[in-house]
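Student: Next come a sequence and a model predicted from it.
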Amino acid sequence: MLWHKITGNGPNLVILHGWGYSSDILQGLVEKNKANYRITVIDLPGHGRSEDVDGDIESWGDELIKLIPENSTLLGWSLGGLLSIYIASQIQLKELILVAATPCIVNNDNWKYGIKSEVFHQFAVNLKTDGTKSLKRFVSLQSRDKSQIKELYKAIQKYPPTDSALNTGLNILINSDLQDLYKEIKIPKTAILGSLDTLVPVKIKDWYKENGTKTYLLRSGHLPFLDNTFKLP
């Protein structure tokens with residue numbers, strides 16, 4: 001069983017964090033909303049206080065599904081958003097909220113709303129030779145605020161993810177293309193994006209709108225939920 005924690009009262013809200021971090025990165029979001037929601041936070045496999053789960057997006061998603069209450073709103077940030085799309089294609093949810101997330105993070109012949117594959121493939125190379133360097137580089141792409149970058153890296157150091165989890169999570173990010181799954185999801189969908197995000201290009205907002213998604217844009221990088229203006233739709 002993955003590590004998880006339930007806080008607050010109200011309709012069920014489940015929040016999933018991103019690659020390299022633990023659910024602690026979302027604590028501010030929890031504090032702001034626990035008066036209105038019963039919030040479940042989950043540490044992804046091999047992240048935070050959770051044990052490793054071998055496999056791929058399906059095996060990770062299936063473990064997460066075990067902890068999601070019926071009729072939940074599911075909010076996923078970054079890698080957590082990609083996993084949320086898979087989960088929403090497998091079980092009935094009330095609503096799907098994606099924060100700085102995309103159904104396909106790497107560009108390919110059928111997708112032009114991502115980033116060059118070389119960026120993430122370099123992460124993969126660095127992970128094999130120097131995992132610390134890879135994580136520092138990843139964090140540096142998420143914010144332009146040097147003090148925030150320092151805090152983000154400290155958050156990773158508090159609960160270092162396992163090597164296996166980093167590799168599996170990176171493989172999920174590099175190899176997943178969930179465009180078709182996303183289009184089949186019929187529940188209300190919302191995407192909250194950062195206009196300064198270097199990992200999820202802002203031009204994806206047009207694709208989201210074309211595919212039945214309410215879209216909000218904040219002047220932030222890859223961490224819109226840390227912005228003072230961030231609020232749940």
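Tutor: Okay, I see it.

Student: Would you check that Ile185 makes contact with Tyr86?
Tutor: No: under the criterion of CB atoms under 8 Å, Ile185 makes no contact with Tyr86, lying 10.2 Å away. The way it works is simple: take the backbone N, C-alpha and C, and place the C-beta from them, glycine included.

Student: Pick out whichever of those two has more residues nearby.
Tutor: Tyr86 (23 against 19; other CB atoms under 10 Å).

Student: wait, what's in contact with the more buried one?
Tutor: Counting by CB atoms under 8 Å, 6 or more residues apart in numbering, Tyr86 touches Ile57, Glu58, Gly61, Ser176, Leu178, Leu181.

Student: Quick one: residues contacting the fifth one.
Tutor: Yep, that's Leu178 we're talking about. Leu178 touches Leu82, Ile85, Tyr86, Ser89, Pro103, Cys104, counting by CB under 8 Å, 6+ apart.

Student: Now intersect the residues you listed with the helices, please.
Tutor: Leu82, Ile85, Tyr86 (DSSP state H).

Student: which one is the second one nearest to, not counting chain neighbours?
Tutor: Counting by CB to CB, 6 or more residues apart in numbering, Leu178 is the residue found nearest to Ile85 once chain neighbours are left out, at 4.8 Å.

Student: show me where pLDDT drops low in the chain?
Tutor: 130-131 (pLDDT under 70).

Student: so how far is Asn108 from the residue nearest to Ile85?
Tutor: Look at Leu178 and Asn108: by CB to CB, to the nearest Å, they are 12 Å apart.

Student: same deal with Tyr208?
Tutor: From Tyr208 over to Asn108 (counting by CB to CB), the distance is 18 Å.

Student: what does Gly114 give?
Tutor: 8 Å.

Student: So which of the two has more stuff around it?
Tutor: Shown here are Gly114 and Asn108; by other CB under 10 Å, Gly114 has more neighbours (21 against 10).

Student: can I assume that one is in contact with Cys104?
Tutor: Yes: Gly114 is within contact range of Cys104, at 5.6 Å (criterion: CB under 8 Å).

Student: which residue ranges form the strands in the protein?
Tutor: 4-7, 12-16, 38-42, 73-77, 95-99, 189-194, 213-218 (DSSP state E).

Student: do you know which of those strands lies nearest Asp145?
Tutor: In terms of CB to CB, the element of those nearest to Asp145 is strand 189-194, at 12.5 Å.

Student: Now Ile97. Nearest residue, chain neighbours left out?
Tutor: Nearest to Ile97 is Leu75, by CB to CB, 6+ apart, at 4.2 Å.

Student: out of the contacts of Leu178, which one sits closest to Lys146?
Tutor: Once CB to CB is applied, the member of the contacts of Leu178 that ends up nearest Lys146 is Leu82, at 27.9 Å.

Student: any idea how far the closest one is from Lys32?
Tutor: For Leu82, the distance to Lys32 - CB to CB - is 24 Å.

Student: One more: Thr198?
Tutor: 26 Å.

Student: Nothing else from me, thank you.
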